[in-house]
Each structure stands twice: as C-alpha cells, then as structure tokens.
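>>> next one to model:
(chains A and B)
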Protein chains: 2
Amino acid sequence: MTAPARFSINQMTVKQLSVPELVAACGELGIAQVGLWREPVQAYGVEAAAELVRDAGLAVTTLCRGGFLTATDPGERAAALADNRRAVDEAATLGTDTLVLVSGGLPAGSKDLRGARERVADALAELGPYAEEHGVRLAIEPLHPMFASDRCVVSTLAQALDLAERFPAHQVGVTVDTYHVWWDDTAPAQIARAGAQGRIHAFQLADWTTPLPEGVLNGRGQIGDGAIDMREWKGYVEAAGYTGPIEAELFNESLWARDGREVLAETAARFAEHAG
Amino acid sequence: MTAPARFSINQMTVKQLSVPELVAACGELGIAQVGLWREPVQAYGVEAAAELVRDAGLAVTTLCRGGFLTATDPGERAAALADNRRAVDEAATLGTDTLVLVSGGLPAGSKDLRGARERVADALAELGPYAEEHGVRLAIEPLHPMFASDRCVVSTLAQALDLAERFPAHQVGVTVDTYHVWWDDTAPAQIARAGAQGRIHAFQLADWTTPLPEGVLNGRGQIGDGAIDMREWKGYVEAAGYTGPIEAELFNESLWARDGREVLAETAARFAEHAG
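Model prediction:
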C-alpha cells in the first residue's frame, strides 16, 4: 500500500504509537509525511527523533504546537515567549519549516477577548523574526469558537489573517483546519485571501461528529464520519494556490483506544476516499 | 424586591418550576416579564397559561421556539411548517409579538450547510406572512457554531441577517443571545446592521463557562460566572437602538437541580449586578 502523495499523518491522530512505531508504520504503509507534536518528540529526544525521521526518509510537514501567548503576567509572558523560541528551534532541528501556533485563551477572570488578541500580535512581533532566522514560518491556527475562552482567542480565519497581515508572509501565515472552520460561510473567501498573500502554511483535516464529548477537545471525527465535505475544502485551498501537504489531525478517544497501526491505515484509506 | 424593569426571565432557566409556580414567583420577586417555552406551556394548556400570565400582569416577551426548518423530506417539511404555524398561533394567544426560531441542523447524512440555510429561507417566505397576519414577528436566532450540524445551521448574526433581509423587518428579524455570539468580533457591527433595519426582535443573556458538558447543550453559565462582559453587549444593542426587554435564558443542569425560586432570585440579582 502506498498512501496518497500529499497525505501527512499528524502524530496526535495515533498518539498510542511511540515515535519509532510511528516511523515504522509509515514505512510499511507508504506514508511519506508526518506532522509532529512537541511533547512526545521531547520525551523521545528531539535530536533522536529528527535522526529517526530523516533516516526513514519521512518529511516533517509541521510541528504542533507553539502559542499560548495571551498571558498578562510579565513572568508568564516571558516564559511563553521563551518556550516558543524553543519550539522554533525544535522545528528547525526536525527539518520542518512550519510551526503551528494556538493562540491561548483568556487569562483567569478576564473577559477581554480583544486585549488577548492584541497580546498575540505583540508576541508575533517578537517571534516572527526569530522564526525567520531559523528558517521557520509561524502558522496561526484559528480554533473553533467553542474554544475561545479556554484555549484559543483566535476563532476565525479572518481574525487569524488580520493578525498575520501585520507581518511578512514568510514569517506569519495561517493553518486551515476543516474541523475549526467548516461552519463559517466566510471561510472560503478568507482562504482565497490567505492564498493570494501566500499565507496558507498548513492544511489539516478532521471531521465534525456529534455529540461532542465533555470538554469538547477529543471528539474530532475520522475523515468521512461527519458533516464536512473534505473535497469541497480541499478545492478551496487548491483554488487559492495551495499545493502542499494535507495532514489528518484527529483528537479522538475512541481512535486512541484502538491499535495505532490499524488507525493509521484506516486514516490513510479515508483520506484517499474522501480527499485523495 | 423589585427586579430591574427590563429584566425578563426565560422559562427554561427555571424549568423546575411549573407554570403557576413561575407566575407566583415572578409576582413575589417583582419580575414583570417572562419568555415562555412551547412544551411546558402546551403541557399546562396554552389558553390556561395565557390567562394565568395575563391575570398576573406579566408581559410575555418571547415564545421559544419555532424553527427546525431544514428537512429535505417533503412530508417532514410540511409537518415542520404546520408546527410553526401552530407556534405563531400560540404566540398570539399568549400575547407576545415575538416567536424565536432555531433553524434546525443538517438532515442525517447531509454535508450541505448552504442548501440547509436556503431551505430556512424558503420556509420563512411561507411563515413570515402568516406570522404578520397574527401580529407576530419571527426572530431568527443564530446559535453558536458548535451547534451547526445538529441543531442550527445559522451560526452568526451575519448569516441570520442575510436571511432576514429578504423579508420585511416586521415579519423577520433576529435574536441576539450573548452566549452564541460573544466570540465573534464582527457581531457588534452586525448588531448595528440589525438595529438600523429594526430587526433586533429579542435580546437574551447567558454566560460562557467551561468546561462544556457532554453534548454541549446544557452548560450555559449564570450571568457573571463566565467570560462574557454583559454590559458591553447590552451597550451594543442599546447603541443600535434597542430598548426592549432583556431575557436571561440559561440551560444549565446545575441550576435546574436547585430550588427554582432561589435560582430565579439569583438570576434577577445577577442581572441587576452585571447588566442592570
């Protein structure tokens, strides 16, 4: 079996696999690209993981994720910036040019979404040049509005682009994830806007299934199981000039409870069926 | 105690109270306005409920809710339209001029949000004139995007107004509910657009608290407990010319588990503190 050429498996989809198991399974299934996550890569060792994927001939499409840049406390803010510089370093070590950023939610007790979004912009002004020096682009990911208070104050592609546009496209762009934007009738126009500026730095797929689980984080549906027309959204990014990798990124307790290699094979097959 | 004059209690907030208990508690607490729900009112008897609230001097600010107009099956569609005509009749009987509409989600297996939204428009074309004949205005309520697939394909005020604008303002307007729109940085401009057209037919408050419960329906926070600046949103609708009632509408298992009269008193007090 050889997976479609543009398919990339995000590590979180099969987090039950260790880094070596993931690399081996990709080899067996003909998967040529992976999106990696910082925590499991750090646990394995960043240099060691980089060597493993390089030796296996795997391309690293993104590193997920930096961000969480909304703190008001100066100490917390400095720590977040330092951590994001480390994330840039890790991305460079792993050989990917794209660091996905999730902006962070509201500080405890705050009701000021606008202020939080401005603090993200301030942080990007510091991180963008640092990333550029290391050959890395920042890709702001708007998360679904249901995460606006506790995880990501950037809820739409329009908001993400309003932030990104303050910086050069080779420093700051956006991540388009079907799960987060599928409900938004203005998203196709925003994808066109992003493409015209060369700011589509990552494209990810997950399907929308209900009922949502408690906390709503780990209910992303397998491709084809939900309400999203994957081919329609692939068409939007392609019409905007995007020809890069397409990551499947599923956070799903029921997928994590299964055999990781089986989930990987299923995800590649679903990609071929619904977005190939 | 006398509740603030613009305060209205939506019946669902204290659904543990029977209709007579609700009416009595409003009298004791100096609450002059209620928003009613079809199911408990039908169970009590529409005429009897109308008489009860009229005799108590209570104004009925809205009837919730009509809608669910997205079916493709002709039989289901006809049934939905008939049910919405009954909802208009009930609103007229209860003496409210506003019927809140929740559009409905995607039919099983469908991935066509755009088509579903068009079917809502088709239904409004049939229901708007019927409502007008009965002295009732339809108020399309955009629900939070997390309900887009299973409950309401209208996710933003912009989408709701795009639908409403096809009809006269005295037939079709919108409901602004803080819980559903608070994350949307374009909502203040859309409230201004709605106000300029005379289409703010209802204004409801609920706060955004996390973590969301499984299914995400019954986690609306008590006013003041969450991330939403109520006075800011009240300011937007007032700047848009809205001077009508303000309903507190909370779906919350933990509030429903408490003494209803106590919740009612608390909600009125929170309203006075955060939006009075």
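>>> who in chain A is up against chain B?
A:106, A:110-114, A:117, A:144-146, A:148-150, A:155-156, A:158-159, A:182-186, A:208, A:210-216, A:226-229, A:232 (Cβ under 8 Å from any Cβ of the partner chain). Where C-beta positions appear, they are placed from N, C-alpha and C, glycine not excepted.
>>> do a quick rundown of the strands in chain A.
Taking DSSP state E as the criterion, chain A contains strands spanning A:7-10, A:33-37, A:59-67, A:98-102, A:137-140, A:172-177, A:200-205, A:207-208, A:220-221, A:246-248.
>>> one step back: please indicate which of the residues of chain A next to chain B are buried?
A:106, A:110-113, A:117, A:144-146, A:148-150, A:155-156, A:158-159, A:182-186, A:208, A:210, A:212-213, A:216, A:226-229 (16 or more other Cβ atoms under 10 Å in any protein chain shown).
>>> quick revisit: now the strands of chain A as a markdown table including mean pLDDT?
Below are those laid out as a markdown table (pLDDT from 0 to 100):
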| stretch | mean pLDDT |
| --- | --- |
| strand A:7-10 | 98 |
| strand A:33-37 | 98 |
| strand A:59-67 | 97 |
| strand A:98-102 | 98 |
| strand A:137-140 | 98 |
| strand A:172-177 | 98 |
| strand A:200-205 | 98 |
| strand A:207-208 | 98 |
| strand A:220-221 | 97 |
| strand A:246-248 | 98 |
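>>> next step: the buried ones among the residues of chain A next to chain B restricted to helices.
A:113, A:117, A:158-159 (DSSP state H).
>>> the strands of chain A: which one's closest to residue B:55?
Nearest to residue B:55, of all these, is strand A:207-208, at 47.6 Å by Cβ to Cβ.
>>> which helices and strands sit right next to the closest one?
helix A:178-181, strand A:220-221 (3 or more Cβ pairs under 8 Å, 6 or more residues apart in numbering or on different chains; DSSP states H and E).
>>> quick one: the residue located most distally from the centre of chain A from residue B:44, how far?
Going by Cα atoms, centre = their mean, the residue of chain A most distant from its centre is residue A:109, 27.7 Å out. According to Cβ to Cβ, to the nearest Å, residue A:109 and residue B:44 sit 41 Å apart.
>>> again, but for residue A:212
From residue A:212 over to residue B:44 the distance is 33 Å, taken as Cβ to Cβ.
>>> what of residue A:185?
Separation of residue A:185 from residue B:44 (Cβ to Cβ): 40 Å.
>>> residue ranges with poor pLDDT in chain A?
Per-residue confidence for chain A (pLDDT under 70) gives these ranges: A:1.
>>> residue closest to the middle of it?
For chain A, residue A:100 is the residue whose C-alpha lies nearest the centre (Cα atoms, centre = their mean; 5.0 Å).
>>> what is that residue paired to in the beta sheet?
residue A:64, residue A:139 (DSSP bridges).
>>> list the contacts of it.
A:62-67, A:139, A:141, A:175, A:202 (Cβ atoms under 8 Å, 6 or more residues apart in numbering or on different chains).
>>> thought residue A:261 was touching residue A:25?
Yes: using Cβ atoms under 8 Å, residue A:261 makes contact with residue A:25 at a distance of 4.7 Å.
>>> now for the two: what residues contact both?
Residues touching both residue A:261 and residue A:25 (Cβ under 8 Å, 6+ apart) are A:14, A:17.
>>> not counting its neighbours along the chain, what's nearest residue A:6?
Nearest non-adjacent residue to residue A:6, counting by Cβ to Cβ, 6 or more residues apart in numbering or on different chains: residue A:246, 5.0 Å away.
>>> and if you look at residue A:255?
Per Cβ to Cβ, 6+ apart, closest to residue A:255 is residue A:263, 5.0 Å.
>>> measure that neighbour to residue A:144 for me?
With distances taken as Cβ to Cβ, residue A:263 is found 23 Å from residue A:144.
>>> so how far is residue A:82 from residue A:171?
Per Cβ to Cβ, residue A:171 is found 19 Å from residue A:82.
>>> which of the two has more neighbours?
Neighbours per residue, other Cβ atoms under 10 Å in any protein chain shown: of residue A:171 and residue A:82, the larger number sits with residue A:171, 19 against 10.
>>> quick one: residues contacting that one.
A:124, A:128-129, A:131-132, A:137-138.
>>> measure it to residue A:98 for me?
To residue A:98, residue A:171 is 12 Å away according to Cβ to Cβ.
>>> and what of residue A:203?
Counting by Cβ to Cβ, the gap from residue A:203 to residue A:98 is 11 Å.
>>> higher neighbour count, those two?
Neighbour count, other Cβ under 10 Å: between residue A:203 and residue A:98, residue A:203 has more, with 28 against 22.
>>> hang on, the more buried one packs against residue A:246?
Yes: contact criterion Cβ under 8 Å: residue A:203 and residue A:246 qualify, at 5.3 Å.
>>> now the common contact residues for the two.
Common neighbours of residue A:203 and residue A:246 (Cβ under 8 Å, 6+ apart) are residue A:234.
>>> residues contacting residue A:266?
With Cβ under 8 Å, 6+ apart, residue A:266 has these contacts: residue A:222.
>>> the ones in helices among the buried ones among the residues of chain A next to chain B: which two are farthest apart?
A:113 and A:158 (14.1 Å).
>>> alright, I will stop here.
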